[in-house]
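**Q** here's my sequence, what's the structure:
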Amino acid sequence: MVSVEPLKYVDAHCIDTPAGRLGGAALVSPTHAQVGKLDGVLVDPLDRKIRYYVIESGRVSPRHYLLPLTATRLDREHCALEVDVEADEIQRLDEVEPDRLPRFDDDDLIAALFRNTAS
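**A** All right, here's what the predicted structure looks like:
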(Lines give C-alpha, C1' and ligand atoms only; values in the text may rest on other atoms or scores of the structure.)
Protein backbone atom coordinates (compact mmCIF):
# COMPACT_ATOMS: atom_id res chain seq x y z
CA MET A 1 0.00 0.00 0.00
CA VAL A 2 1.20 3.48 -0.87
CA SER A 3 1.75 5.87 2.04
CA VAL A 4 -0.52 8.86 1.56
CA GLU A 5 0.96 11.07 4.29
CA PRO A 6 1.18 14.09 4.15
CA LEU A 7 -1.28 14.06 1.24
CA LYS A 8 -4.82 15.37 1.65
CA TYR A 9 -8.04 14.35 -0.10
CA VAL A 10 -10.11 16.82 -2.13
CA ASP A 11 -13.54 15.65 -3.30
CA ALA A 12 -14.08 15.87 -7.06
CA HIS A 13 -17.20 17.97 -6.49
CA CYS A 14 -14.89 20.72 -5.16
CA ILE A 15 -12.62 20.75 -8.21
CA ASP A 16 -13.59 23.45 -10.66
CA THR A 17 -12.31 23.51 -14.26
CA PRO A 18 -13.16 25.43 -17.44
CA ALA A 19 -15.54 22.52 -18.20
CA GLY A 20 -17.24 22.80 -14.80
CA ARG A 21 -16.92 20.82 -11.59
CA LEU A 22 -15.41 17.36 -11.87
CA GLY A 23 -17.76 15.54 -9.48
CA GLY A 24 -18.80 12.31 -11.19
CA ALA A 25 -16.59 12.91 -14.23
CA ALA A 26 -16.05 9.72 -16.20
CA LEU A 27 -12.53 8.43 -16.65
CA VAL A 28 -11.86 6.78 -19.98
CA SER A 29 -8.83 5.02 -21.39
CA PRO A 30 -7.02 5.99 -24.61
CA THR A 31 -9.15 3.30 -26.31
CA HIS A 32 -12.28 5.01 -24.87
CA ALA A 33 -13.07 2.15 -22.47
CA GLN A 34 -14.81 3.21 -19.25
CA VAL A 35 -12.23 3.09 -16.44
CA GLY A 36 -14.41 4.50 -13.66
CA LYS A 37 -15.33 7.91 -12.34
CA LEU A 38 -13.33 10.53 -10.53
CA ASP A 39 -14.07 10.50 -6.80
CA GLY A 40 -11.37 12.98 -5.82
CA VAL A 41 -7.67 13.73 -5.79
CA LEU A 42 -4.85 13.52 -3.28
CA VAL A 43 -2.81 16.70 -3.11
CA ASP A 44 0.41 17.65 -1.42
CA PRO A 45 -0.74 20.87 0.28
CA LEU A 46 2.72 22.37 0.76
CA ASP A 47 3.90 21.66 -2.79
CA ARG A 48 0.44 22.56 -4.13
CA LYS A 49 0.46 19.57 -6.48
CA ILE A 50 -1.89 16.72 -7.25
CA ARG A 51 -0.19 13.38 -6.61
CA TYR A 52 -3.02 10.85 -7.18
CA TYR A 53 -6.46 10.56 -8.67
CA VAL A 54 -8.95 8.64 -6.51
CA ILE A 55 -10.99 6.54 -8.92
CA GLU A 56 -14.25 4.76 -8.19
CA SER A 57 -14.61 1.65 -10.29
CA GLY A 58 -17.24 -1.09 -10.39
CA ARG A 59 -21.00 -0.93 -10.43
CA VAL A 60 -22.18 -3.70 -8.11
CA SER A 61 -19.63 -3.21 -5.35
CA PRO A 62 -17.63 -0.07 -6.16
CA ARG A 63 -13.98 0.06 -5.13
CA HIS A 64 -11.64 3.01 -4.99
CA TYR A 65 -8.13 3.04 -6.41
CA LEU A 66 -5.17 5.42 -6.39
CA LEU A 67 -4.00 6.34 -9.86
CA PRO A 68 -0.66 8.18 -9.77
CA LEU A 69 -0.75 11.50 -11.56
CA THR A 70 -0.58 10.79 -15.25
CA ALA A 71 -1.14 12.67 -18.47
CA THR A 72 -4.83 13.54 -18.54
CA ARG A 73 -6.96 15.16 -21.20
CA LEU A 74 -10.21 16.89 -20.36
CA ASP A 75 -13.07 16.18 -22.77
CA ARG A 76 -15.40 19.13 -22.16
CA GLU A 77 -18.11 17.80 -24.45
CA HIS A 78 -18.52 14.52 -22.54
CA CYS A 79 -17.43 15.73 -19.08
CA ALA A 80 -14.76 13.05 -19.10
CA LEU A 81 -11.08 12.72 -18.33
CA GLU A 82 -8.97 10.59 -20.62
CA VAL A 83 -6.20 8.92 -18.61
CA ASP A 84 -3.26 6.83 -19.78
CA VAL A 85 -4.46 3.58 -18.24
CA GLU A 86 -6.68 0.82 -19.60
CA ALA A 87 -9.74 -0.44 -17.74
CA ASP A 88 -8.24 -3.91 -17.16
CA GLU A 89 -5.21 -2.33 -15.42
CA ILE A 90 -7.20 -0.52 -12.75
CA GLN A 91 -7.34 -3.47 -10.35
CA ARG A 92 -3.54 -3.55 -10.19
CA LEU A 93 -3.56 -0.15 -8.49
CA ASP A 94 -3.56 0.35 -4.73
CA GLU A 95 -7.03 0.26 -3.23
CA VAL A 96 -8.10 3.01 -0.83
CA GLU A 97 -11.08 3.97 1.33
CA PRO A 98 -11.84 7.66 0.62
CA ASP A 99 -13.67 8.03 3.95
CA ARG A 100 -10.41 7.22 5.75
CA LEU A 101 -8.25 9.71 3.90
CA PRO A 102 -7.27 12.96 5.65
CA ARG A 103 -9.22 15.88 4.19
CA PHE A 104 -7.77 19.08 2.81
CA ASP A 105 -8.94 21.76 5.23
CA ASP A 106 -8.53 25.44 6.04
CA ASP A 107 -5.28 24.81 7.94
CA ASP A 108 -3.80 23.19 4.82
CA LEU A 109 -4.90 26.15 2.73
CA ILE A 110 -3.27 28.64 5.11
CA ALA A 111 -0.08 26.57 5.23
CA ALA A 112 0.08 26.42 1.44
CA LEU A 113 -0.64 30.12 0.99
CA PHE A 114 1.91 31.32 3.51
CA ARG A 115 4.60 28.71 3.04
CA ASN A 116 8.06 30.20 3.15
CA THR A 117 9.45 29.37 -0.29
CA ALA A 118 12.75 31.22 0.25
CA SER A 119 15.48 28.66 0.73
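**Q** to what extent is the nearest residue to A80 once chain neighbours are set aside buried, counted in neighbours?
**A** Leaving aside its sequence neighbours, A80 sits nearest to A26 (C-beta to C-beta, 6 or more residues apart in numbering; 4.2 Å). All C-beta spots, glycine's among them, are computed from the backbone N, C-alpha and C. The number of residues packed near A26 is 15, by other C-beta atoms under 10 Å.
**Q** who's in contact with A26?
**A** By C-beta atoms under 8 Å, 6 or more residues apart in numbering, the contact set of A26 is Q34, G36, K37, L38, H78, C79, A80, L81.
**Q** just to be sure, the fifth one is in a strand?
**A** In this case it means H78. No: counting by DSSP: H, G, I helix; E, B strand; the rest coil, H78 falls outside a strand, being coil.
**Q** quick one, what contacts it?
**A** By C-beta under 8 Å, 6+ apart, H78 lies in contact with A26.
**Q** Three-state assignment for L27, please.
**A** Following three-state DSSP, we place L27 in the strand state.
**Q** would you mind listing the residues in contact with it?
**A** Residues near L27 by C-beta under 8 Å, 6+ apart: Q34, V35, G36, K37, L38, Y53, I55, A80, L81, E82, V83.
**Q** turn those residues into a markdown table, columns for neighbour count, secondary structure and pLDDT.
**A** What follows is these, written out as a markdown table (neighbours: other C-beta atoms under 10 Å; DSSP: H, G, I helix; E, B strand; the rest coil; pLDDT from 0 to 100):
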| residue | neighbour count | secondary structure | pLDDT |
| --- | --- | --- | --- |
| Q34 | 13 | strand | 90 |
| V35 | 25 | strand | 91 |
| G36 | 24 | strand | 93 |
| K37 | 18 | strand | 94 |
| L38 | 25 | strand | 93 |
| Y53 | 26 | strand | 93 |
| I55 | 25 | strand | 93 |
| A80 | 21 | strand | 87 |
| L81 | 22 | strand | 90 |
| E82 | 19 | strand | 92 |
| V83 | 22 | strand | 92 |
